[in-house]
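Colleague: sequence plus predicted model, see below.
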Amino acid sequence: MAEKCDGTATPAPFTKVFGNKRVSFLSPRILRFEFAADGVFEDRPTLSVVNRSVAPVHVTETTEGSTAVLRAGGVEVRLGLDDQPL
């Protein structure tokens, strides 16, 4: 029997907010980047990843100067720790 998916957005296995930037690891290689000048992020479902019932993603987080570094599954993301757009 196929798994039922109603399209409801569930929290990503790993989500981190840096001021007005948010990065979500939906899987080790599928990421969602957002910038919200007002700090209000979009939480409605996305058509790209309909079923978000996935296993947690192991992400390591370090800081190098004024840059946050996130690593998971061979992917490395570097985000400035400022309020500038992505």
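Modeller: Everything's here; your move. Numbering: from 1, shown residues only.
Colleague: around residue 62, how many other residues sit close by?
Modeller: 9 (other Cβ atoms under 10 Å). For every residue, glycine as well, the C-beta is placed using N, CA and C.
Colleague: actually residue 19, sorry about that
Modeller: Counted by other Cβ under 10 Å, the residues lying close to residue 19 total 14.
Colleague: number the residues from 106 up from this point.
Modeller: New numbering, starting at 106: the last item is residue 124.
Colleague: can you read off the pLDDT for it?
Modeller: What the model reports for residue 124 is a pLDDT of 90.
Colleague: not counting sequence-adjacent ones, nearest residue to residue 182?
Modeller: Nearest in space to residue 182, with sequence neighbours left out and distances taken as Cβ to Cβ, 6 or more residues apart in numbering, is residue 175 at 4.4 Å.
Colleague: what about stretch 177-191, start to end distance?
Modeller: Start-to-end span of stretch 177-191 (Cα to Cα, to the nearest Å) is 19 Å.
Colleague: please name the bridge partners of the residue nearest to the spatial centre of the chain.
Modeller: By Cα atoms, centre = their mean, the chain has its centre lying nearest to residue 129, at 0.7 Å. With DSSP bridges as the criterion, residue 129 is bridged to residue 120, residue 137.
Colleague: residues touching it, list them.
Modeller: Counting by Cβ atoms under 8 Å, 6 or more residues apart in numbering, residue 129 touches 117, 119, 120, 121, 136, 137, 139.
Colleague: next, work out how far apart it and residue 191 are.
Modeller: Distance of residue 129 to residue 191, computed by Cβ to Cβ, to the nearest Å: 13 Å.
Colleague: now do residue 144
Modeller: Distance of residue 144 to residue 191, given as Cβ to Cβ: 14 Å.
Colleague: swap in residue 147?
Modeller: Going from residue 147 to residue 191 by Cβ to Cβ gives 14 Å.
Colleague: do residue 137 as well
Modeller: Going from residue 137 to residue 191 by Cβ to Cβ gives 11 Å.
Colleague: just for the chain, where's the confidence low?
Modeller: Scanning the chain for pLDDT under 70 picks out the ranges 106-117, 150-151, 154-158.
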